[in-house]
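A.B. asks: Quick one, what's the 3D model for this:
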Amino acid sequence: MKPNRVLAVDDIDLSDLEFWKRPIEEREGAFETLREERPVSWHEEPDLEIIPRGPGYWALTRYQDILTASRTPEVFCSGKGSNIGDMPEAFLEFFGSMINMDDPQHARLRRIVSRGFTPGRLAKLEENVATAATDIIDQVVDRGSCDFVTDIAAALPLRIICEMMGIPDSEYQFVFDRTNIVLGAADPEYVPDLMQAIPALLTAGSELNQLFSGLAEARRKNPIDDLTSALVNAELEGEQLSDQELASFFILLVVAGNETTRNAISHGMKALCDHPEQRAVWQSDFETVAPTAIEEIIRWATPVIHFRRTATRDTELGGQKIEAGQKVVLFYCSGNRDPAAFPDPHQFDVRRTPNEHVAFGGPGPHFCLGAHLARREIRVMFKEILTRLPDLQVTSEPDRLVSNFINGIKHLPCEFKAGGLK
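C.D. replies: A predicted model of the protein is given here:
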């Protein structure tokens, strides 16, 4: 992919939803321009009517500046919100859980939650991932074609996160639909009227909360070997999670654990189809190439486009003075294409090393808790695909999510030999 620099630096508006509807090549061209000419740039916030217009923000587009902001939470905090727009405090806690917290509150919650991710539980989970991936390919292998996103890429993380929490399979579609709304409220496929985005988001969150509340009540009375039981009964130094903290973390887990891995797998498949020479390298020696291929897929996809921080004091970053209270937005999508950190960044290379990407949120206290699971799901899913559907080809351009937050693919038609590899 070659960036197309059609916009002058003064014409780049990262707050404009129309910018995010542009072809990928034009967006990459704009970020290339920003990195070179205005790496820390000021942007006004949009007047969407559905939320109050904020004061604006600084956009970080260079890799090194993103690392600095991630590593210094005492200067760039998360407690004021991780999305660009300002939301009521209760809204932040309900939908953001740990990602909208600073220490010590963040550290406390993360310590308690980590009790649910023991080595034994993760080992069992890895077995479940392999079984689920096989079942998913079994369901499509004889059809010869499918929607890669809904039938394959989304099916695996959705099933795994629901199995982790003890959610019955009859509720999988319910969870899928609500998480689409939570992270895709600006897309007309999920919320036709933008003016109804906030009510739709709140409704979806409330419905997920109701689902979890019923599960939590049942697990308190009769715990079983699932993550919900572990969380509702987890204790650290005499402390347990409150009902609000549990519900908020549940929403974060099902939304983040579902959407991000789904999009990494979808973008990864598109990249392998667009770069058959790279696909051949991986297919020729799957196990050897897998570690670097997985990291390259994650870098290439960068499922979460940005997260916001807020300056706690007057500071300077990338040569730009930033005042206390000003918003700073870390554009991971740009950092992961910075040639200062990644030689030939627009080349998809399954053997790329080193590959210290920031697709899991960069270093620091907010590094993704589910990174290990995401890598495992990607590895297992592509082993099934490259082994059993080795000729799978994408047949049309991706139907992309309209969002400045999630680099999503909603639909991706594909074809393969019916019956797969015999």
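
A.B. asks: Angles on the backbone of M195, please.
C.D. replies: Torsion angles at M195 (phi, psi; degrees, to the nearest 10) stand at phi -70, psi -20.

A.B. asks: Let the chain start at 644 from now.
C.D. replies: With 644 as the first residue, the last one maps to M838.

A.B. asks: Could you check the pLDDT of it?
C.D. replies: pLDDT for M838: 78.

A.B. asks: How many neighbouring residues does it have?
C.D. replies: Per other Cβ atoms under 10 Å, the neighbour tally for M838 reads 10. Glycine gets a C-beta too; all of them are placed from N, C-alpha and C.

A.B. asks: Check the one 3 residues further on too.
C.D. replies: Applying the criterion other Cβ under 10 Å, we find 16 residues in the vicinity of I841.

A.B. asks: Please apply the same query to R821.
C.D. replies: R821 is flanked by 24 other residues according to other Cβ under 10 Å.

A.B. asks: Isn't it up against A847?
C.D. replies: Yes. Between R821 and A847 a contact is recorded at 4.2 Å, counting by Cβ atoms under 8 Å.

A.B. asks: now the strands for the protein?
C.D. replies: In the chain, the strands defined using DSSP state E lie at 683-686, 700-703, 719-720, 788-790, 949-954, 958-960, 963-965, 970-974, 1036-1037, 1042-1043, 1052-1054, 1056-1058.

A.B. asks: confidence score at the most centrally placed residue in the chain?
C.D. replies: For the chain, the residue nearest the mean C-alpha position is T903 (3.2 Å; Cα atoms, centre = their mean). On pLDDT, T903 comes in at 87.

A.B. asks: Residue ranges in the protein under the pLDDT threshold?
C.D. replies: Within the chain, the stretches with pLDDT under 70 are 691-694, 731-739, 759-761, 878-881, 1065.

A.B. asks: Longest helix in it, by number of residues?
C.D. replies: Counting by DSSP state H, the longest helix found in the chain is helix 886-917.

A.B. asks: how about that one: buried residues?
C.D. replies: 888-916 (16 or more other Cβ atoms under 10 Å).

A.B. asks: hang on, the earlier thing: nearest to P762, out of the strands of the chain?
C.D. replies: Minimum separation from P762 across the strands of the chain (Cβ to Cβ) falls at strand 949-954, 28.4 Å.

A.B. asks: so what secondary structure elements neighbour the closest one?
C.D. replies: Other helices and strands packing on strand 949-954, by 3 or more Cβ pairs under 8 Å, 6 or more residues apart in numbering; DSSP states H and E, are strand 719-720, strand 970-974, helix 975-978.

A.B. asks: Touching the last one from outside, list them.
C.D. replies: In other words, helix 975-978. Helix 975-978 is contacted from outside by 674, 677-678, 703-706, 709-710, 945, 947-950, 984, 1000-1002, 1004-1005, 1050, using Cβ atoms under 8 Å, 6 or more residues apart in numbering.

A.B. asks: about what we covered before: how about the contacts made by the nearest residue to the residue nearest to the centre of the chain once chain neighbours are set aside?
C.D. replies: If the residues on either side of it in the chain are set aside, T903 comes closest to P946, at 4.2 Å by Cβ to Cβ, 6 or more residues apart in numbering. P946 makes contacts with 902-904, 906-907, 910, 1002, 1049-1051, as judged by Cβ under 8 Å, 6+ apart.

A.B. asks: With M1024 instead?
C.D. replies: Neighbours of M1024 in contact, by Cβ under 8 Å, 6+ apart: 776, 779, 795-796, 799, 908.

A.B. asks: switch the cut-off to 7 Å
C.D. replies: Applying Cβ atoms under 7 Å, 6 or more residues apart in numbering to M1024 gives the contacts 776, 799, 908.

A.B. asks: and those as TSV, adding distance to Y975?
C.D. replies: Putting those into TSV (distance: Cβ to Cβ, whole Å) gives the following:
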residue	distance to Y975
A776	27
L799	23
I908	18
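
A.B. asks: any idea which of the residues you listed is closest to A861?
C.D. replies: Using Cβ to Cβ, L799 comes nearest to A861 of these, at 25.8 Å.

A.B. asks: That closest one and I1021 touch, don't they?
C.D. replies: No. L799 lies out of contact with I1021 (Cβ atoms under 7 Å); the separation is 9.1 Å.

A.B. asks: Look up how far S1039 lies from the closest residue to T1038 other than its chain neighbours.
C.D. replies: Once flanking residues are discounted, T1038 sits nearest to P1056: 4.8 Å by Cβ to Cβ, 6+ apart. Separation of P1056 from S1039 (Cβ to Cβ, to the nearest Å) stands at 5 Å.

A.B. asks: Could you do A829 as well?
C.D. replies: Per Cβ to Cβ, A829 is found 23 Å from S1039.

A.B. asks: Looking at those two, which is more packed in?
C.D. replies: Legend: neighbour count by other Cβ under 10 Å for A829 and S1039, higher for A829 (20 against 9).

A.B. asks: Quick one: residues contacting the more buried one.
C.D. replies: A829 sits next to 660, 837, 840, 1045-1046 when contact means Cβ under 7 Å, 6+ apart.

A.B. asks: For the nearest residue to R1018 once chain neighbours are set aside, list the residues it contacts.
C.D. replies: With sequence-adjacent residues excluded and distances taken as Cβ to Cβ, 6+ apart, R1018 is closest to I937, at 5.4 Å. Listed by Cβ under 7 Å, 6+ apart, the contact set of I937 reads 1018, 1021-1022.

A.B. asks: out of those, who's nearest R764?
C.D. replies: Closest to R764 out of these is R1018 (16.6 Å), distances taken as Cβ to Cβ.

A.B. asks: Tell me how many other residues surround the closest residue to K913 other than its chain neighbours.
C.D. replies: Spatial nearest neighbour of K913, excluding adjacent residues (Cβ to Cβ, 6+ apart): V1037 at 5.7 Å. Neighbours of V1037 under the rule other Cβ under 10 Å: 18.

A.B. asks: Hmm, C916 and V1037 touching each other?
C.D. replies: Yes. Between V1037 and C916 there is a contact under Cβ under 7 Å: 4.5 Å.

A.B. asks: The residue nearest to T1038 contacts Q1036, doesn't it?
C.D. replies: No. Counting by Cβ under 7 Å, P1056 does not reach Q1036; the two are 9.9 Å apart.

A.B. asks: Could you export stretch 719-729 as CSV, CA atoms only?
C.D. replies: Coordinates of each C-alpha in stretch 719-729 appear next as CSV, following Å, rounded to 0.1, in the frame of the first residue of the first chain:
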residue,chain,number,x,y,z
PHE,A,719,-0.8,12.1,30.8
CYS,A,720,-3.7,10.6,32.8
SER,A,721,-6.6,8.4,31.8
GLY,A,722,-9.1,9.3,34.6
LYS,A,723,-10.6,12.2,32.6
GLY,A,724,-11.6,9.9,29.8
SER,A,725,-10.0,7.7,27.1
ASN,A,726,-12.3,8.9,24.2
ILE,A,727,-12.0,12.3,22.7
GLY,A,728,-15.4,13.6,23.7
ASP,A,729,-16.2,14.5,27.3
